[in-house]
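Participant: what would the 3D arrangement of this be:
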Amino acid sequence: MEQIKTIPSDLWTRRGKVIVTENLKQWRKSPGLAVVLHELNRCVVECELVGNVTYDVRLYKAVRAYLRSESFAITGAPCIVKK
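Facilitator: Just a heads-up that it's a prediction; the model follows:
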């Protein structure tokens, strides 16, 4: 399985918006987009000038699972994931 992927930066932001929307639908509460993107940016390996974001897939899956959890939606506490 591929460990590193590259996507356009606007799709990276869209992923954060989707997490916020899912949390609002499921838990009726969610931290803001800036908080979610801050947590997602832990997965970023490289940001290119062209507008692409390269990220670690395994770390992204772990962080995304936490960001979609009830504990994050209610408290907004930072994610603790070991690399």
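Participant: what average pLDDT does stretch 9-25 get?
Facilitator: Regarding stretch 9-25, the rounded mean pLDDT is 96.
Participant: buried residues of that stretch, list them for me.
Facilitator: Neighbour counts over stretch 9-25 (16 or more other CB atoms under 10 Å) mark 12, 15-16, 19-20, 23 as buried. (Glycine included, C-beta is placed from N, CA and C.)
Participant: out of those residues, which are inside helices?
Facilitator: Those of these mapping onto helices are 12, 15-16, 19-20, 23, per DSSP state H.
Participant: distance to E48 for those - can I get that in TSV?
Facilitator: As requested, these are exported to TSV (distance: CB to CB, whole Å):
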residue	distance to E48
W12	12
R15	17
G16	18
I19	23
V20	25
N23	29
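Participant: residues touching G32, list them.
Facilitator: Contacts for G32 (CB atoms under 8 Å, 6 or more residues apart in numbering) come out as V20.
Participant: number the residues from 51 up from this point.
Facilitator: From this message on, residue numbering opens at 51, which makes the last subject G82.
Participant: now it: how far from V107?
Facilitator: Here G82 is placed at a distance of 25 Å from V107 (CB to CB, to the nearest Å).
Participant: same check on Y116?
Facilitator: Distance from Y116 to V107, by CB to CB: 15 Å.
Participant: more crowded one of the two?
Facilitator: Y116 (16 against 13; other CB atoms under 10 Å).
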